[in-house]
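>>> Structure of the sequence below:
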Amino acid sequence: MTLTRREKSGILGGTFDPVTLGHLGMALDIEKKLNLDRIWFIPAWRSPHKQEQAPAEAEHRLNMLKAALAPYRELQISEWELDQKGISYTINTLTALQNSHPESELYLILGMDTFQDFASWKNVTEILQTAHLAVATRPGYCDIQKPQTLQTLLDNLPFTYSWGEKRNGVQTCNCPETGKTIVFCDIEPREISSSIIRQRIGDGLSVKKMLPPEVLEYIITHRLYQANPKPQPE
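Below is the predicted model:
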């Protein structure tokens, strides 16, 4: 009897205000390392970690995402959180996706900075029971930090994890209680943040190397993040 491999779907949430080359690079690196079938970008109406209203309206953030992801078949968008028009909690999104795609193993994608605060998230127990975690790290981070820093973070979680093998830049930690894993993925570091981009645009500085060209064109056309719109410098 031939066993059929379950689909593997990554989940990358955020305000994407705007989506950057850093977001795309991290998603594509993790998709390749974990052999994911797709990654859903899930823009938040409002993040519980960023209670203030996003600088750009949801319609603009969604349109920028659509423009940036259009060349990539494996990078897709879920508008579920936008449709809720409220604060977006991860467990609600995971449950909705699991219900609508029961054939998929879910991998919640986090940056290392976000994972450091993950134990304090709402419904963290249920999240760990529902999805694997894929944590983006700098190359060699696990080799240097294990077992001190990373083990402390794992010990703060409600389940017990054991260190598995590291292969092709992916360090696996296994949890027999949930059957889920936490995988730390070495990816190329990209020091690009949406807040820095917004600041640079407001200051009239170039962001051409930080954004997909389609997104930059959209920002200029719709005069986003600019009090006094100016042409982008070379």
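
>>> all contacts plus neighbour counts: C-alpha atoms, from now on.
Noted.

>>> Give me the packing partners of the helix or strand hosting I219, helices and strands only.
Using DSSP states H and E, I219 maps to helix 213-222. Counting by 3 or more C-alpha pairs under 8 Å, 6 or more residues apart in numbering; DSSP states H and E, the packing neighbours recorded for helix 213-222 are helix 58-69.

>>> Next, the buried residues of the helix it packs on.
58, 60-62, 64-69 (16 or more other C-alpha atoms under 10 Å).

>>> Can you show me the strands along this structure?
7-14, 38-43, 75-77, 104-111, 132-137, 162-167, 170-174, 181-186 (DSSP state E).

>>> quick one: buried residues of stretch 21-37?
Neighbour counts over stretch 21-37 (16+ other C-alpha under 10 Å) mark 21-24, 26-31, 34, 36-37 as buried.

>>> next one: stretch 134-143
Across stretch 134-143, burial judged by 16+ other C-alpha under 10 Å covers 134-139, 141-142.

>>> Pick the one among these closest to P189.
Nearest to P189 among the buried residues of stretch 134-143: R138, at 5.9 Å, using C-alpha to C-alpha.

>>> And E191, how far from E81?
Note on E191: its distance to E81, by C-alpha to C-alpha, to the nearest Å, is 27 Å.

>>> Then Q145?
35 Å.

>>> Any regions of this protein where pLDDT drops low?
Across the chain, the ranges flagged by pLDDT under 70 are 1-4, 47-54, 147, 228-234.

>>> one more time with 80, if that's ok
Applying pLDDT under 80 to the chain flags the ranges 1-5, 46-55, 145-148, 227-234.

>>> what sits against the residue positioned nearest the centre of the chain?
Centroid-nearest residue in the chain, with C-alpha atoms, centre = their mean: L12, separated by 3.1 Å. By C-alpha atoms under 8 Å, 6 or more residues apart in numbering, the contact set of L12 is 27, 39-42, 108-110.

>>> just to revisit the earlier point, which one's more surrounded, E191 and E81?
Neighbour totals were compared for E191 and E81, and E81 leads with 22 against 9 (other C-alpha atoms under 10 Å).

>>> Contact partners for that one?
42-45, 88, 93 are the contacts of E81 under C-alpha under 8 Å, 6+ apart.

>>> Confirm for me that V183 is in contact with N168.
No - assessed by C-alpha atoms under 8 Å, V183 is found out of contact with N168, at 11.8 Å.

>>> Neighbour count for these two, which is higher?
Neighbour comparison, V183 and N168: the larger count goes to V183, with 24 against 9 (by other C-alpha under 10 Å).

>>> Give me the spatial nearest neighbour of that one, chain neighbours excluded.
In space, V183 comes closest to T172 once its chain neighbours are excluded; the distance is 4.5 Å by C-alpha to C-alpha, 6 or more residues apart in numbering.

>>> Neighbours of that neighbour, how many?
T172 has 20 neighbours, counted by other C-alpha under 10 Å.

>>> same question, T160
14.

>>> and the residue lying closest to it once chain neighbours are set aside, what is it in contact with?
Nearest residue to T160, sequence neighbours excluded (C-alpha to C-alpha, 6+ apart): C175, at 6.0 Å. Applying C-alpha under 8 Å, 6+ apart to C175 gives the contacts 159-162, 181.
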